[in-house]
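1. Fold the stuff below for me.
(one chain, ligands or ions: 1)
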Amino acid sequence: MTIRSRIYLKTNKIEIFILSGFLGSGKSTLLAKLLDFEKQQGRQIGVIMNEMGQVSIDSKVISNEVPLKELLNGCICCNLQGELSLQLKTLIEEYELDAIYIESTGAAHLIEVVDACTHPLIIHNLEIKGIITLVNAKQWRDGKMSIRLKKLLKEQIKYANIIILNKIDTIEEGELDSLINSIRQVNPNGHIIPSTHAEIDPNIVSLSTVSTIENRPKELNVNEHAHLHLETLAFPLNSPIHRIEFEKWLNTYSGQLYRAKGFIKLIESPGIFLFNYSYGFSIFERCKINNSYPQTLVFIGENLDHKEIETMLLKIKSS
Ligand SMILES: Nc1nc2c(ncn2[C@@H]2O[C@H](COP(=O)(O)OP(=O)(O)OP(=O)(O)O)[C@@H](O)[C@H]2O)c(=O)[nH]1
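-> Predicted structure coming up:
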């Protein structure tokens with residue numbers, strides 16, 4: 001059995017929708033509307049809310065019926081990434097959910113939130129279906145922000161498959177087209193929806209999801225978002241790999257690999273290792289877990305060459 005065909009035996013994944021956007025752009029407003037919609041559809045939804053402060057304000061508006069986990073006093077992408085993975089695992093184990101909505105803080109780097117959702121412990125239970133970024137129309141039009149903030153907003157726009165240009169009541173009607181064009185320059189493929197009070201057709205979220213599934217080649221192990229440049233490849237492994245050869249490959253890979261991680265066995269040393277790679281650094285940490293623990297490697301990046309990675313893995317694993 002090949003590496004890829006094994007992956008497709010996994011079914012019943014819980015859908016993940018990540019809500020992003022700078023502070024006050026309208027994430028909670030949108031979340032409330034999407035939850036109403038989901039309730040009408042009879043779907044079981046869980047929510048994870050991340051707020052920078054110690055006390056959650058936004059979560060108070062969520063109905064008691066909705067399983068809710070709060071990540072307070074920090075940002076998923078800075079110090080709560082592991083916590084998000086754990087909360088996702090808890091929600092998966094405690095409830096029978098159709099989908100989980102994650103509201104990130106306004107400062108979150110989307111790539112780190114996606115990263116937490118693709119932890120090797122949960123990746124096979126989840127499927128990221130929507131990355132929705134809200135943009136405050138006036139803030140974007142004015143452009144009065146630090147280079148750093150501009151970079152963050154651009155990043156949040158770039159990695160979304162749906163961009164909601166919210167608060168258009170705060171700009172002139174004639175300014176809308178040029179704002180849409182400037183967003184399109186950052187993300188040419190995302191679905192851009194102008195709105196006031198996040199009044200969008202909630203079906204757009206699920207419809208974009210459906211087309212993503214249909215577009216996905218069935219035989220490939222690619223958690224790919226058709227309108228996103230970011231993709232995640234996960235490979236189960238059934239034998240140890242050669243650490244030195246693997247690191248050599250990582251250091252010379254010419255593609256845009258932002259992150260790699262997993263639980264693996266190495267030819268060089270016994271035991272199971274937690275592997276982490278980011279920004280050119282690899283770390284292998286021996287784990288105190290059962291030796292029969294399933295091995296998985298996850299790669300996150302842009303335009304990843306899955307064939308090349310699969311070939312590399314076949315080359316570096318023990319026969
Ligand atoms: N004028 C106007 N106000 C809006 C619009 N959408 C949301 N708001 C208001 O803007 C404020 C912030 O909205 P939220 O939905 O809390 O924004 P958020 O992104 O969750 O905010 P954070 O918690 O800071 O991340 C609220 O008072 C909303 O009612 C809009 O389209 N126009």
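2. Now find how far off-centre the one helix or strand Lys39 maps to is within its chain.
-> Under DSSP states H and E, the secondary-structure element containing Lys39 is helix 27-40. Taking C-alpha atoms, centre = their mean, to the nearest Å, the mean C-alpha location of helix 27-40 is offset from the chain mean by 19 Å.
3. before we move on, what about stretch 138-148?
-> In this view, stretch 138-148 has its centroid 25 Å away from the chain centroid, taken as C-alpha atoms, centre = their mean.
4. hmm, it touching the ligand?
-> No: in terms of C-beta under 6 Å from any ligand atom, no part of stretch 138-148 sits within range of the ligand; the closest distance is 8.8 Å. For the C-beta atoms, the positions are set from N, CA and C on the backbone; glycine is no exception.
5. Show me what secondary structure element comes after the helix holding Lys39.
-> Taking DSSP H and E as the definition, the helix or strand that follows helix 27-40 towards the C-terminus is strand 45-50.
6. what pLDDT, on average, does that following strand get?
-> The pLDDT scores in strand 45-50 average 92.
7. what does stretch 114-122 give?
-> For stretch 114-122, the mean pLDDT works out to 84.
8. Tell me where the stretch 201-319 of the chain has helices.
-> Here the stretch 201-319 of the chain has its helices, by DSSP state H, counting those that start in this stretch, at 203-215, 243-252, 306-316.
9. any weak-confidence spans in the stretch 151-300 of the chain?
-> Within the stretch 151-300 of the chain, the stretches falling below the threshold (pLDDT under 70) are 207-231, 258, 278-280.
10. for the helices of the stretch 201-319 of the chain, which one sits closest to the ligand?
-> Nearest to the ligand among the helices of the stretch 201-319 of the chain is helix 203-215; the distance by C-beta to the nearest ligand atom comes to 16.1 Å.
11. what's across from the nearest residue to Pro67 once chain neighbours are set aside in the sheet?
-> The spatially closest residue to Pro67, leaving aside those adjacent along the chain, is Gly46, at 4.4 Å (C-beta to C-beta, 6 or more residues apart in numbering). Applying DSSP bridges to Gly46 gives these bridge partners: Ile100.
12. Which residues are in contact with Phe281?
-> Taking C-beta atoms under 8 Å, 6 or more residues apart in numbering as the definition of contact, Phe281 has no neighbours.
13. coming back round to it: just to check, the residue nearest to Pro67 is in contact with Ile62?
-> No: Gly46 sits out of contact with Ile62 when judged by C-beta atoms under 8 Å, with a separation of 10.3 Å.
14. Of these two, which one has the most company?
-> Gly46 (24 against 21; other C-beta atoms under 10 Å).
15. Look up how far Arg43 lies from the residue most central in space within the chain.
-> Nearest to the mean C-alpha position of the chain, counting by C-alpha atoms, centre = their mean, stands Val114 at 2.4 Å. For Val114, the distance to Arg43 under the criterion C-beta to C-beta, to the nearest Å works out to 22 Å.
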